[in-house]
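1. only geometry, no sequence info:
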């Protein structure tokens, strides 16, 4: 007889984090929202590196230009632009030709022409690299040559002649930074405060909740004005002010969850094992409130963006030439009839961010729900 050894296949266990990640990946809406948020973040933070324009660069020749994929300027308008540049230099334009992105102009005058006068051609947005290719001995006539500067404005320009595409990118940077930073502040303070209040209960809970109600009664705008007067106007101050207000609601939500969790069997078992109150809060209470907290954070971020927009509208938030999606939407609403693209493009990115955060929040809630573990 021969001995046969039966080997059982090894079974690899999965941690709670792996199971939650697996459930999250199965949620198509949550994965789509995550991809959309990633694309918006890349557009906002990486896009400016590949743009030839700055967010505060002004193009006087292209004020309130409609979105277009065609390059500017219009070839038919170059003759008029050259005439205007020559008139500002007190010269006469005798001839003007454009061929393959290069212009040739002949200018004359009754007096000798100062070579520095060619700077008037480079001061307009349509021409660049202007140089003198030929001149007469008496300097009463010169031939100029240069390049036609082609500019692209896929999102159009605003009422000051600034590229809206770059400003939407900048607005995404500020809005996303304000939303995430203020939400993290409210998350850090609110979760610890609410879990401590709900778990300890009794007189401590009453005192801590009365403090929250007193802070709730303070006018938000008045608090912002006072802090701006004392500390000055800055973006960092916006993070602190909004986060200092948003944590109050976070604390109430976490307290409500804690009141129901502290009566569960696993909390009683932890108390029987001799764990301290802080250990129970840190290891058992806070991790089991992650689901509602994550969902609430995904709601807080767009709310914070709207709050920042309101502060900027009052002159207490982001100031020009900086911009956020909120300020761009506010400016676009004022020019909605004459230049609707000023409202449409920032609103599209804001709405996409809002929906993506909601989908991601729902996916995280389902993945981190303790009942599904």
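-> Nice, thanks for sending it over. Values in this document were obtained by computation on a predicted structure and should not be read as measured data.
2. so the nearest residue to residue 48 once chain neighbours are set aside, which of the three states?
-> Computed as Cβ to Cβ, 6 or more residues apart in numbering, the closest residue to residue 48 that is not its neighbour in sequence is residue 169, at 5.1 Å. Yep, even glycine has a C-beta here, placed from its N, CA and C like the rest. Secondary structure for residue 169, judged by DSSP: H, G, I helix; E, B strand; the rest coil, is helix.
3. adjust the sequence numbering to begin at 18 for everything that follows.
-> In the new numbering, first residue 18, that becomes residue 186.
4. what helix or strand does the most centrally placed residue in the chain sit in?
-> Among the residues of the chain, the one closest to the centroid is residue 189, at 1.9 Å (Cα atoms, centre = their mean). Assessed by DSSP states H and E, residue 189 sits inside helix 181-217.
5. output the contacting helices and strands for that helix.
-> Contacts defined by 3 or more Cβ pairs under 8 Å, 6 or more residues apart in numbering; DSSP states H and E place helix 181-217 against helix 45-62, helix 219-234, helix 252-278, helix 294-297, helix 307-330, helix 342-351, helix 358-385.
6. please point out which parts of it sit buried.
-> 181-196, 198-200, 202-204, 206-216 (16 or more other Cβ atoms under 10 Å).
7. helix 45-62 and that one, what's the angle between them?
-> Comparing the axes of helix 181-217 and helix 45-62 via axes from the mean of the first three to the mean of the last three Cα atoms, to 10 degrees yields an angle of 130 degrees.
8. distance between helix 181-217 and the chain's centre?
-> Mean C-alpha position of helix 181-217 versus that of the full chain (Cα atoms, centre = their mean, to the nearest Å) differs by 13 Å.
9. mean confidence for that helix?
-> In this model, helix 181-217 has a mean pLDDT of 86.
10. how about stretch 273-293?
-> Averaged across stretch 273-293, the pLDDT comes to 82.
11. straight-line length of it, end to end?
-> 21 Å (Cα to Cα, to the nearest Å).
12. any low-confidence regions in the stretch 68-217 of the chain?
-> Across the stretch 68-217 of the chain, nothing is flagged by pLDDT under 70.
13. who touches residue 377 in this structure?
-> By Cβ atoms under 8 Å, 6 or more residues apart in numbering, residue 377 lies in contact with 47, 50, 51, 54, 315.
14. just give the closest residue to it, not the sequence neighbours.
-> residue 50 (4.4 Å).
15. got phi/psi on residue 341?
-> Phi and psi for residue 341, reported as degrees, to the nearest 10, are phi -120, psi 170.
16. surely it meets residue 324?
-> No. Distance between residue 341 and residue 324: 11.0 Å, which falls outside the contact criterion (Cβ atoms under 8 Å).
17. more crowded one of those two?
-> Higher neighbour count among residue 341 and residue 324: residue 341, with 30 against 23, using other Cβ atoms under 10 Å.
18. ok, back up a step: who are the contact partners of the nearest residue to the residue nearest to the centre of the chain once chain neighbours are set aside?
-> Nearest residue to residue 189, sequence neighbours excluded (Cβ to Cβ, 6+ apart): residue 61, at 3.0 Å. Contacts here follow Cβ under 8 Å, 6+ apart; on that basis residue 61 touches 186, 187, 188, 189, 190, 193.
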